[in-house]
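> next input, structure requested:
(4 chains)
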There are 2 protein chains.
Amino acid sequence: MELRRDIFQAIADPTRRAILGLVALGAMTPGAIAGNFNSSRQTISKHIQILAECQLLKQEESGREIYYHINAKKMKEVANFIEPFRKMWDDRFNKLESVMKKYKSKK
Amino acid sequence: MELRRDIFQAIADPTRRAILGLVALGAMTPGAIAGNFNSSRQTISKHIQILAECQLLKQEESGREIYYHINAKKMKEVANFIEPFRKMWDDRFNKLESVMKKYKSKK
DNA sequence: ATTATGTGCAATCAAATAACTGCATATATT
DNA sequence: AATATATGCAGTTATTTGATTGCACATAAT
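Numbers count the residues shown, from 1 in each chain, chains lettered A, B, ... in the order given. Alright, predicted model coming up:
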């Protein structure tokens, strides 16, 4: 039931993206997180579990409470995927390319 | 049947990410794209349709053939989502922050 | 005109997802 | 000890998804 689930699958759900945005502001417990949504606590808890499985969230137990922290580094995997496309759209790279062409034509 | 489908949903599927990587190298027809995968032509065609719906691919008709081009700019939407997280992991921003602190403490 | 090729669309099916309710467990609080 | 709180886990259901097969249509080649 929880197989083909990578980080891209994890951020595909809008609720999960919202949870990430929320936890990025500061570590929170599942109950506190759920308080920000209309869905049931169990539903939100399930989303948290998925995010934790993908290591986008880290647990920190404290008594009966569990604080979830953001693990921003994990987003590198998405950044790496986007990087080649960034080079296709970003002006800085286009300018760099034209500079390189100039250089080549000179020699 | 094709409603809540945004760009995050589009890149969640590994086959679709592979298609994007392929077309990024150069515009291709659906048949040519399908030639690179084991799935049926119709299955790949469906993935292409989804990518086109999300404007990650653009069509260019030429006789009975249809060339699909990459639309790299669309990836900005994903980049925008990641940006805040990048600021949390990227050393450049941490260094910038320490520089700012230094500056503040001086004045 | 007939045949071959490149695409898209409809119907079907198995598997995955997202949501819910209810129950179990562990730690605080009284 | 009894109760309240915080959380996780199991089971159920409706919806979505990814893949297949078969058919239709348009354009190119013979």
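> tell me the centre residue of chain A?
A:Met75 (4.6 Å; C-alpha atoms, centre = their mean).
> I figured it hits B:Phe85, correct?
Yes: checked against C-beta atoms under 8 Å, the pair A:Met75 and B:Phe85 is within contact range at 4.2 Å. For every residue, glycine as well, the C-beta is placed using N, CA and C.
> now the strands for chain A?
Secondary structure of chain A (DSSP state E): strands located at A:57-62, A:65-70.
> now do the buried residues in the last one.
Meaning strand A:65-70. For strand A:65-70, the neighbour count (16 or more other C-beta atoms under 10 Å in any protein chain shown) marks A:Ile66, A:Tyr67, A:Tyr68, A:Ile70 as buried.
> residue numbers of chain A in contact with DNA strand C?
By C-beta under 7 Å from any atom of the strand, the residues of chain A that approach DNA strand C are A:1-5, A:9, A:12-13, A:15, A:38-40, A:42-43, A:46-47, A:50, A:62-64.
> just the buried members of those residues?
For these, buried by 16+ other C-beta under 10 Å: A:Gln9, A:Ala12, A:Asp13, A:His47, A:Ile50.
> just those residues: which are in helices?
A:Gln9, A:His47, A:Ile50 (DSSP state H).
> which residues of chain A score low on pLDDT?
For chain A, the stretches with pLDDT under 70 are A:1-4, A:96-107.
> for DNA strand D, what are the nearby residues on chain A?
Proximity of chain A to DNA strand D (C-beta under 7 Å from any atom of the strand) is limited to residues A:29-32, A:41-42, A:45, A:48-49, A:59, A:64-66.
> nearest to DNA strand C: which residue in chain A?
Residue of chain A nearest DNA strand C, by C-beta to the nearest atom of the strand: A:Gly63 (1.9 Å).
> distance of that residue relative to A:Phe37?
24 Å (C-beta to C-beta, to the nearest Å).
> could you do A:Asn80 as well?
With distances taken as C-beta to C-beta, A:Asn80 is found 30 Å from A:Phe37.
> who's more crowded, these two?
Higher neighbour count among A:Asn80 and A:Phe37: A:Phe37, with 15 against 9, using other C-beta atoms under 10 Å in any protein chain shown.
> now that one: closest residue in space that isn't a chain neighbour?
Nearest residue to A:Phe37 in three dimensions, chain neighbours excluded: A:Ile44, at 5.7 Å (C-beta to C-beta, 6 or more residues apart in numbering or on different chains).
> for that neighbour, give me its contacts.
By C-beta atoms under 8 Å, 6 or more residues apart in numbering or on different chains, the residues touching A:Ile44 are A:Thr15, A:Ile19, A:Pro30, A:Ile33, A:Ala34, A:Phe37.
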